[in-house]
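S.K.: Please find the sequence and the predicted model below.
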Amino acid sequence: MTRILSTHVLDATTGEPAAGLHVRLKSLKGEPIASAMTGVDGRIPEIAPEGLIAETYCLVFDTGDYFGRRGQDTFYPVVTVTFELRYPQRGYHVPLLLSPYGYSTYRGS
């Protein structure tokens, strides 16, 4: 069982945390597992329920809604980050650096 799965979203256009961004955790087959909103610090400290197993998952970031509330257009209305959880006994952190016309991610710690 996984210890923790967390994320952090930074809005590169403002240099500020992306607060109020809806994030969903799904199986690779698209089955919903969990969902949460980023806090004022742009973080979701724990999105995974206890018991995630070694498998491939998707974090789905609803970026269109986030930018729409700010009156900004975006080329990427949804950002999906697919990752393989190989060692569920470890903690996993999946950050997202976001702008209306680009994004990047990496495996954090």
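M.R.: Perfect, I can see it now. Residues are numbered from 1 along each chain as shown.
S.K.: where do the helices sit along this structure?
M.R.: Applying DSSP state H to the chain gives helices spanning 63-69.
S.K.: Relative to the centre of it, pull out the residue lying furthest away.
M.R.: residue 71 (21.5 Å; C-alpha atoms, centre = their mean).
S.K.: And the pLDDT at that residue?
M.R.: We note a pLDDT of 96 for residue 71 in this prediction.
S.K.: Pull out the buried positions in the helix or strand of the chain with the lowest mean pLDDT.
M.R.: Across the helices and strands of the chain, the lowest-confidence element by mean pLDDT, DSSP states H and E is strand 91-93, at a mean of 90. For strand 91-93, the neighbour count (16 or more other C-beta atoms under 10 Å) marks residue 92 as buried. For glycine as for every other residue, the C-beta is placed from the backbone atoms N, C-alpha and C.
S.K.: what distance separates it from the centre of its chain?
M.R.: Centroid separation between strand 91-93 and its chain, computed with C-alpha atoms, centre = their mean, to the nearest Å, is 12 Å.
S.K.: Tell me which residues are up against that strand.
M.R.: With C-beta atoms under 8 Å, 6 or more residues apart in numbering as the test, strand 91-93 has contacts from 2-8, 48, 83, 85, 107-109.
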